[in-house]
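Novice: Sequence first, then the predicted structure, then my questions.
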Amino acid sequence: MNRQAQQGLLVEAILGRAEPSGLRCLPGIEGGEARALQAYRGNAKALAARALGSAYPRLLEELGEAQFGAMAWAFWRAHPPVSGDMADWGDALAGFLQAQPGMEERLVDEARLDWALHEAARAADAVFDGDSLALLGSGDPARLRLRLRPGTAVLGRRIVWRSGWRALHEELDDSAARFMQAQLDGASLVDSMEEGFDFGAWLQQALRQGWLIGAEEIQ
Amino acid sequence: MAGIGWRQPHYEPLLRDRPALDFIEVHSENFFAEGGAALAVLMQGRELYPVSLHGVGLSLGSAAGLDARHLERLARLVERVEPMQVSDHASFARIGSGLHAADLLPIAYDDDSLALMVRHVGQVQERLRRPILVENISAYLGWQSDSMAEPEFFNALCKRSGCGLLLDVNNLVVNARNLGLQAQAATAAACAWVDQLVDGIVGEIHLAGHAELPGVVIDDHGSRVSEAVWQVYRHARQRFAAAPALVEWDTDVPALEVLLDEAGRAA
């Protein structure tokens, strides 16, 4: 068996779903290979709960440490990390929860909100380009779109964004939420606005809340 | 020269109190985000202290190869922070399926592994345009193919790749205890490990606490440095006096003063 296969088996053995090969037990560890694997598994379980708890604080609060820890380990086994940055791990949690029998939709929504806040908190910093907003008065709205702050997301009617270092969320009316989603998708102003949508009021709110960082022409 | 591992509970007190420290060390991956509070805090810390970037996720010993995206993110962070040191571990976590175990899993100490590590360390150093330090790990398992002693492996790795050794003296004691040696014999074995290193290869020394559980010693970085580890540290200091020392504390993190007290003892 080659080295890559052996390493793969050790990782799978830690997850409890393979027999490792080519290992050597350390004589001072009572319980041999099983105890050693248990030590690594213990590390992984603790890290799973810690990393996921950091990304999903509301869900952790809702479920409590014991239930959240068990869920985190089940999630790790189903959707293990694929990056060395543990903050990247966890985006599939809402889908994982939704697939669990009897799961409350409320908790799935909570998970979606937690992840969006987590992503907003670590999104790229951006500088407000006030000069570019002059395009709103001079440009063709069919060829213009807005630049929203990196990390901004729309979940149904809820918008998630970062203000300073804090990730925030707020509920909007339907037309404003759809407008922002269209802008995030890259649509032009004209294609994003529904009849009756009050762009002026939205713009004031966007500037006040820091959702907007500029405007640009669609190339 | 002594520093501390700077963890989240100590971000604010360190920036506020600005204690006398020679440097701080952070886990690189915690600052891989493109923006946000953590990165801003690190940049504030960088204004006060030299920063060492210590990675836990490069997976230098992975037979599946390095993660190019991880290396690029590290390179970006190195450009931003301009650290005094960059380091990671002689371990693997990444496997062929793409899964990352997020742990420091043992590599084999043999010729194949050495060649792999030399190649990967070379790739990293080429991308970062600087030498790195590679840390010896604690392990609860070994490989049947092990054919060389660990110090021999690190001597060869440093010579062939141009990297330095980040000598973790706590890991030496943990490993010796898990090999079945009683406390005094374990300390002697750890000192003998250090004696086998060639001159000049140690670029930094790590100190940390460990937990003695029934039947196993766990490298948990969750307590004060043990007297056995201090003994090995003093021994290593005699040969590697210029290497900066760093106290790590990652679980049950105490008040900053406790870490500063430990760092003061290492200075």
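Specialist: Thanks, I have the structure now.
Novice: Tell me how many other residues crowd residue 102.
Specialist: All of this refers to chain A. Look at residue A:102: counted by other Cβ atoms under 10 Å in any protein chain shown, it has 4 neighbours. In this view, the C-beta of every residue, glycine as well, is placed from N, C-alpha and C.
Novice: ah, I was thinking of chain B
Specialist: Residue B:102, neighbours per other Cβ under 10 Å, totals 25.
Novice: now the one 5 residues further on
Specialist: Residue B:107 has 28 neighbours, counted by other Cβ under 10 Å.
Novice: Distance check, it against chain A.
Specialist: Separation of residue B:107 from chain A (Cβ to the nearest Cβ, to the nearest Å): 8 Å.
Novice: With adjacent residues omitted, what lies nearest to that residue?
Specialist: residue B:61 (3.5 Å; Cβ to Cβ, 6 or more residues apart in numbering or on different chains).
Novice: same deal with residue A:206?
Specialist: residue A:212 (4.3 Å).
Novice: Okay, and the beta partners of that neighbour?
Specialist: residue A:148 (DSSP bridges).
Novice: give the contact list for it.
Specialist: A:128, A:133, A:146, A:147, A:148, A:149, A:203, A:206 (Cβ atoms under 8 Å, 6 or more residues apart in numbering or on different chains).
Novice: Of those - the most surrounded one?
Specialist: residue A:146 (25 neighbours).
Novice: Can you name the residues that contact that residue?
Specialist: A:183, A:189, A:206, A:212, A:214, A:215, A:216 are the contacts of residue A:146 under Cβ under 8 Å, 6+ apart.
Novice: out of the residues you listed, which are inside helices?
Specialist: Under the assignment DSSP state H, those contribute A:183, A:189, A:206 to helices.
Novice: Output these in a markdown table; the columns should cover pLDDT.
Specialist: Formatted as a markdown table, the ones in helices among the contacts of residue A:146 follow (pLDDT from 0 to 100):
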| residue | pLDDT |
| --- | --- |
| A:183 | 97 |
| A:189 | 96 |
| A:206 | 96 |
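Novice: need the contact list for residue 15.
Specialist: Because you didn't say which chain, this covers chain A. A:41, A:44, A:76, A:77, A:80.
Novice: meant chain B, my bad for not saying
Specialist: B:41, B:44, B:45, B:48 are the contacts of residue B:15 under Cβ under 8 Å, 6+ apart.
Novice: Tell me which two in those are the farthest apart.
Specialist: B:41 and B:48 (11.2 Å; Cβ to Cβ).
Novice: is chain A contacted by the helix of greatest length in chain B?
Specialist: Of all the segments of type helix in chain B, defined by DSSP H, the longest one is helix B:111-128. Yes. Using Cβ under 8 Å from any Cβ of the partner chain, helix B:111-128 reaches chain A at B:112, B:113, B:116.
Novice: Buried ones among those residues?
Specialist: B:113, B:116 (16 or more other Cβ atoms under 10 Å in any protein chain shown).
Novice: how far does the lowest-mean-pLDDT helix or strand in chain A sit from the chain's center?
Specialist: Least confident helix or strand of chain A, by mean pLDDT, DSSP states H and E, is helix A:135-138 with a mean of 92. For helix A:135-138, the separation from the chain centroid amounts to 34 Å (computed by Cα atoms, centre = their mean, to the nearest Å).
Novice: who touches it?
Specialist: A:144, A:203, A:215, A:216, A:217.
Novice: and the two most separated of these?
Specialist: A:203 and A:217, at 17.7 Å, using Cβ to Cβ across those.
Novice: what's near enough to touch the residue in chain A positioned nearest to chain B?
Specialist: Residue of chain A nearest chain B, by Cβ to the nearest Cβ: residue A:84 (2.2 Å). Residue A:84 sits next to B:29, B:55, B:56, B:57, B:58, B:59, B:67, B:70, B:93, B:94, B:100, B:102 when contact means Cβ under 8 Å, 6+ apart.
Novice: And the pLDDT at the spatially closest residue to residue A:117 that is not a sequence neighbour?
Specialist: Nearest residue to residue A:117, sequence neighbours excluded (Cβ to Cβ, 6+ apart): residue A:167, at 4.1 Å. If you check residue A:167, the pLDDT there is 97.
Novice: Please report the distance of the residue of chain A positioned farthest from its centre from residue B:140.
Specialist: The centre of chain A is farthest from one residue, residue A:27, which by Cα atoms, centre = their mean lies 43.4 Å away. The gap separating residue A:27 from residue B:140 is 12 Å, by Cβ to Cβ, to the nearest Å.
Novice: Same question for residue A:160.
Specialist: Residue A:160 is 41 Å from residue B:140, by Cβ to Cβ.
Novice: what do you get for residue B:264?
Specialist: 32 Å.
Novice: how about the nearest residue to residue A:80, chain neighbours excluded?
Specialist: residue B:99 (4.7 Å).
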